[in-house]
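>>> Here's a sequence, model it:
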Amino acid sequence: MLPVLVAAWLLAGGSPSEMAVPPPPTYVSAEHGLTFRTPPGVFNCRLPADWTGADHGVTLFLKPVSCAVAVGDAEPPKDLAFIAVYYGYAVGEDAPPEPPCDKVAVMRLFDADQPVCRRTDATGVTSYAIETTYRGGDGARDLVLSLTTTPGRLQGDLGTLRVLAASVRTCTMSWRNGRKTFTTGAGPACPKTGRY
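Numbers count the residues shown, from 1 in each chain. Here you go, the predicted structure:
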């Protein structure tokens with residue numbers, strides 16, 4: 001997930017020499033009808049103001065890092081930790097089956113208890129993910145909050161993931177194109193600040 005999000009950032013003109021910076025306190029994806037409060041102490045690589053492209057999430061680093069690390073141009077620190085937030089239209093039956101959940105915790109997401117599953121990929125990287133499907137107005141959407149961290153940081157970083165998950169909400173955004181009005185999302189209006 002991290003390479004996909006950062007590759008889009010680079011293609012849009014982001015500079016790997018920049019340092020990740022604190023994001024706005026509220027994050028909004030009007031396209032996917034989703035909002036959350038960014039937890040204190042997180043950082044991300046900013047997109048250029050004129051960037052256009054697909055909106056499928058954000059990577060929140062849990063300590064300041066060089067954006068060169070994020071794109072693989074520099075050796076990552078041994079304690080690199082981040083939360084990848086992914087959302088997109090639900091692919092349903094086309095998705096490969098998920099491995100069984102190795103549940104390590106339960107967290108609130110969309111006002112429901114969800115398991116936090118530990119998964120180790122083919123390269124040996126372990127992540128802790130909460131996955132769910134939500135109603136985005138014009139169809140179902142997948143949401144994955146995935147924490148990658150080190151054993152020494154795990155308990156504190158799970159606390160940050162818990163704060164993030166508890167703040168996730170759906171929201172509605174409307175806009176006009178000529179005479180036609182388009183609406184995405186469900187629930188209350190999306191916040192006007194912190195837009196993706």
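>>> Name the residues linked to the residue positioned nearest the centre of the chain by a beta bridge.
In the chain, the C-alpha closest to the average C-alpha coordinate belongs to V85, at a distance of 1.4 Å (C-alpha atoms, centre = their mean). According to DSSP bridges, the partner residues bridging V85 are V58, L145.
>>> In contact with it, which residues?
With contacts taken as C-beta atoms under 8 Å, 6 or more residues apart in numbering, V85 has the following neighbours: Y27, F36, G57, V58, T59, L60, L143, V144, L145, S146, L164. Every residue, glycine included, has its C-beta placed from N, CA and C.
>>> Any chance of the residues you listed in a markdown table with neighbour count as columns?
Below are the contacts of V85 laid out as a markdown table (neighbours: other C-beta atoms under 10 Å):
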| residue | neighbour count |
| --- | --- |
| Y27 | 24 |
| F36 | 23 |
| G57 | 24 |
| V58 | 22 |
| T59 | 24 |
| L60 | 26 |
| L143 | 25 |
| V144 | 16 |
| L145 | 26 |
| S146 | 22 |
| L164 | 23 |
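>>> out of the residues you listed, who's nearest Y128?
S146 (7.2 Å; C-beta to C-beta).
>>> Which residue comes closest to that closest one once chain neighbours are left out?
The shortest distance from S146 to any non-neighbouring residue, by C-beta to C-beta, 6 or more residues apart in numbering, is to A129 (4.2 Å).
>>> Isn't the one you found up against R119?
Yes: under the criterion of C-beta atoms under 8 Å, A129 makes contact with R119 at 6.3 Å.
>>> Provide the contact partners of the longest helix seen in the chain at residue level.
As far as residue count goes, and with DSSP state H defining each element, the longest helix of the chain is helix 154-167. Residues from elsewhere that reach helix 154-167, judged by C-beta under 8 Å, 6+ apart: 36-39, 41-42, 60, 62, 81, 83, 85, 105, 107-109, 114, 116, 128, 130, 145, 147, 149.
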